[in-house]
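A.B. asks: With the sequence up front, the predicted model follows.
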Amino acid sequence: MQKIAMLGSGFIGRFYAESVHGQRGRDKVTAIYARSEENAKKFADDYGCAFWSSNMEEVIAHPDVNMVCVALPNHKHEEAVMLCAKHKKAVVSTKPLGRNAAEALRMLQAVEKAGIFSGYLEDLCYTPKFLKSIESVKRGALGRILWAKSREAHPGPHSEWFWDIEQAGGGCILDLGCHCIEISRNFIGKDIRPVEVMCWADTQVKPIDAEDHAIALVKYENGAIGQFEVSWTFRGGMDLRDEVMGTEGTIWINNFLRTGFEMFTTGRNPDGQGEDYVAEKAESNTGWLFPVGDEVNDLGYNHMFTDMFNAAENGAEPAETFYDGYIVNAVIDAAYQSAKTKQWEKVNLPVWRGREGVEKPSNYVDYDENYYLIKQEMTHDGRNKLILKDKTTGKISERDV
Ligand SMILES: NC(=O)c1ccc[n+]([C@@H]2O[C@H](COP(=O)([O-])OP(=O)(O)OC[C@H]3O[C@@H](n4cnc5c(N)ncnc54)[C@H](O)[C@@H]3O)[C@@H](O)[C@H]2O)c1
């Protein structure tokens with residue numbers, strides 16, 4: 001059984017607590033840290049925590065805590081992780097791991113030096129749809145992965161600190177791009193080095209210093225390309241979609257707005273109300289709605305905590321680690337650099353534990369000893385056509401079979 005200290009009583013702290021307690025969960029949030037005693041007490045009452053405090057170190061060090069869950073604003077992650085290292089408490093942290101790769105690397109090195117369990121709470125790499133997809137990709141159902149795009153766009157975050165570049169560390173690239181980058185990395189292969197990034201970013205709508213909209217390409221050493229599209233200015237809810245393209249197949253995932261559950265309400269019931277809460281960042285509660293059946297599960301929180309707790313108890317690594325969080329931060333640093341210079345920018349990885357010197361596979365597929373195969377297609381007039389390239393002359397020809 002895990003006895004968890006939750007650091008932060010806000011939006012994600014509450015989602016995490018709902019997930020940990022689950023339907024008949026055996027793990028328990030036993031302690032809560034919040035900035036104010038009042039918020040800590042309220043959270044403790046809501047989730048039955050025996051201990052609450054506005055002193056972070058006291059909560060981490062509490063004897064009835066064996067794992068700490070960091071659910072604080074980005075600028076507090078490093079401080080929290082360092083205290084866990086000091087008190088030798090297992091720690092799992094929300095995304096992004098750091099505000100930049102330097103912070104993330106310090107956190108990674110601190111937990112490794114302290115010899116404590118750590119895990120990166122990247123929930124979107126644990127959604128049921130993602131888990132099923134990654135299994136298919138690993139089995140080779142899509143062949144060689146060529147492109148993995150992930151998009152997260154919504155009308156903007158719910159708390160003031162996100163909009164302050166100093167506390168948040170960035171805008172939508174850091175806040176949402178971290179999910180997208182890790183999703184693409186999983187599909188392309190986590191052992192493949194992300195090499196360079198080209199990014200467009202702008203502040204199109206909000207009166208803030210950070211970017212509120214960005215699109216980027218991430219080149220991987222094996223020739224695959226990752227792509228992310230992120231926005232804090234998208235209207236219409238939370239758009240969470242992934243697309244994967246391989247030599248033998250394709251996956252399209254829509255995690256949130258089109259889940260197969262559609263509903264209409266005029267809102268004119270006797271109380272004059274529409275629906276109450278529809279889904280995270282839904283902008284409307286009347287008209288056509290796209291509710292999410294079980295957000296905690298569909299957003300991956302349940303599978304994520306199961307993996308974290310099992311790994312901690314079995315002395316294993318979870319699927320998402322602090323090392324992964326650090327790689328993601330490094331890709332984001334390159335994206336920010338590229339948005340400034342308008343050039344491809346190298347991903348700087350002082351620590352790299354994946355494969356080295358991977359080459360892009362050849363695109364010349366043998367048809368027979370004389371020809372390469374370009375394509376085979378059945379046409380509407382009943383022909384089964386082959387398009388071939390002569391190995392010696394390079395001439396392209398077609399033939400019916
Ligand atoms: N899907 C996800 O994984 C997901 C979703 C939302 C947020 N997050 C991450 O969770 C973290 C917290 O975000 P949130 O949405 O819960 O924010 P929030 O503002 O709803 O809650 C933050 C909590 O931290 C406390 N806090 C705020 N400023 C503080 C400070 N200076 N010192 C100490 N405590 C402070 C607040 O009182 C609150 O309890 C962020 O790192 C964010 O990126 C992850």
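C.D. replies: Now that the structure is in, tell me what you want to look at.
A.B. asks: Residues of the stretch 101-250 of the chain that sit close to the ligand?
C.D. replies: Residues of the stretch 101-250 of the chain lying near the ligand by Cβ under 6 Å from any ligand atom: Leu121, Asp123, Ser159, Trp161, Asp175. C-beta here means a position set from N, CA and C on the backbone, and glycine is covered the same way.
A.B. asks: Quick one, grab the pLDDT at Val365.
C.D. replies: Predicted confidence (pLDDT) for Val365: 88.
A.B. asks: what sits opposite the spatially closest residue to it that is not a sequence neighbour in the beta ladder?
C.D. replies: Among residues not flanking Val365 along the chain, Leu373 sits closest, at 5.1 Å (Cβ to Cβ, 6 or more residues apart in numbering). With DSSP bridges as the criterion, Leu373 is bridged to Leu388.
A.B. asks: Tell me if I'm right that Leu373 and Leu386 touch.
C.D. replies: Yes. Contact status for Leu373 versus Leu386: in contact at 7.1 Å, counting by Cβ atoms under 8 Å.
A.B. asks: quick one, which of those two is more surrounded?
C.D. replies: Leu386 (17 against 14; other Cβ atoms under 10 Å).
A.B. asks: what is in contact with Leu373 and Leu386 at once?
C.D. replies: Residues touching both Leu373 and Leu386 (Cβ atoms under 8 Å, 6 or more residues apart in numbering): Tyr367.
A.B. asks: can you tell me which residues contact the residue in the stretch 301-401 of the chain that the ligand sits nearest to?
C.D. replies: Closest approach of the stretch 301-401 of the chain to the ligand (Cβ to the nearest ligand atom) occurs at Tyr301, with a separation of 8.1 Å. Residues near Tyr301 by Cβ under 8 Å, 6+ apart: Phe15, Tyr16, Glu18, Ser19, Asp123, Tyr126.
A.B. asks: tell me which of those residues is nearest to the ligand?
C.D. replies: Asp123 (4.8 Å).
A.B. asks: if we can go back for a sec, which member of the contacts of Tyr301 is positioned nearest Leu83?
C.D. replies: Taking Cβ to Cβ as the measure, Tyr16 is the one of those closest to Leu83, at 18.4 Å.
A.B. asks: wouldn't the closest one be in contact with Val68 here?
C.D. replies: No. Checked against Cβ under 8 Å, the pair Tyr16 and Val68 is beyond contact range at 11.7 Å.
A.B. asks: And the two? Which one has more around it.
C.D. replies: Val68 (29 against 26).
A.B. asks: so what's Val230 closest to, chain neighbours aside?
C.D. replies: Leu176 is the one closest to Val230 (Cβ to Cβ, 6+ apart), at 4.0 Å.
A.B. asks: With Asn255 instead?
C.D. replies: Asn255 sits nearest to Leu240 (Cβ to Cβ, 6+ apart), 4.0 Å away.
A.B. asks: Next: Glu152.
C.D. replies: That would be Leu176: by Cβ to Cβ, 6+ apart, it lies 4.1 Å from Glu152.
A.B. asks: thinking the one you found is in contact with Ser150, fair?
C.D. replies: No. In this structure Leu176 lies outside contact range of Ser150 using Cβ under 8 Å: 9.3 Å.
A.B. asks: Provide the secondary structure category for Val331.
C.D. replies: helix (DSSP: H, G, I helix; E, B strand; the rest coil).
A.B. asks: for it, what are its contacts?
C.D. replies: Ile181, Pro194, Val197, Val218, Val347.
A.B. asks: which of those residues tops the neighbour count?
C.D. replies: Ile181 (31 neighbours).
A.B. asks: okay, and for this protein, where does confidence drop off?
C.D. replies: 271-274 (pLDDT under 70).
A.B. asks: what's Ala311 in contact with, if anything?
C.D. replies: By Cβ under 8 Å, 6+ apart, Ala311 lies in contact with Phe117, Gly119, Glu317, Pro318.
A.B. asks: ok, now Thr259?
C.D. replies: Phe290, Val292, Gly293, Asp298.
A.B. asks: one more time with 6 Å
C.D. replies: Val292 (Cβ atoms under 6 Å, 6 or more residues apart in numbering).
A.B. asks: quick one, phi psi at it?
C.D. replies: For Thr259, the backbone dihedrals (degrees, to the nearest 10) come out as phi -100, psi 10.
A.B. asks: Tell me which two in the contacts of Tyr301 are the farthest apart.
C.D. replies: Glu18 and Tyr126 (15.1 Å).
A.B. asks: These two: who's more crowded?
C.D. replies: Tyr126 (24 against 17).
A.B. asks: Grab the nearest non-local neighbour of the more buried one.
C.D. replies: In space, Tyr126 is closest to Gly300, 3.5 Å off (Cβ to Cβ, 6+ apart).
A.B. asks: ok, how many other residues are close to the residue in the stretch 201-350 of the chain that the ligand sits nearest to?
C.D. replies: Closest contact between the stretch 201-350 of the chain and the ligand, by Cβ to the nearest ligand atom, is at Leu299 (6.5 Å). Look at Leu299: counted by other Cβ under 10 Å, it has 24 neighbours.
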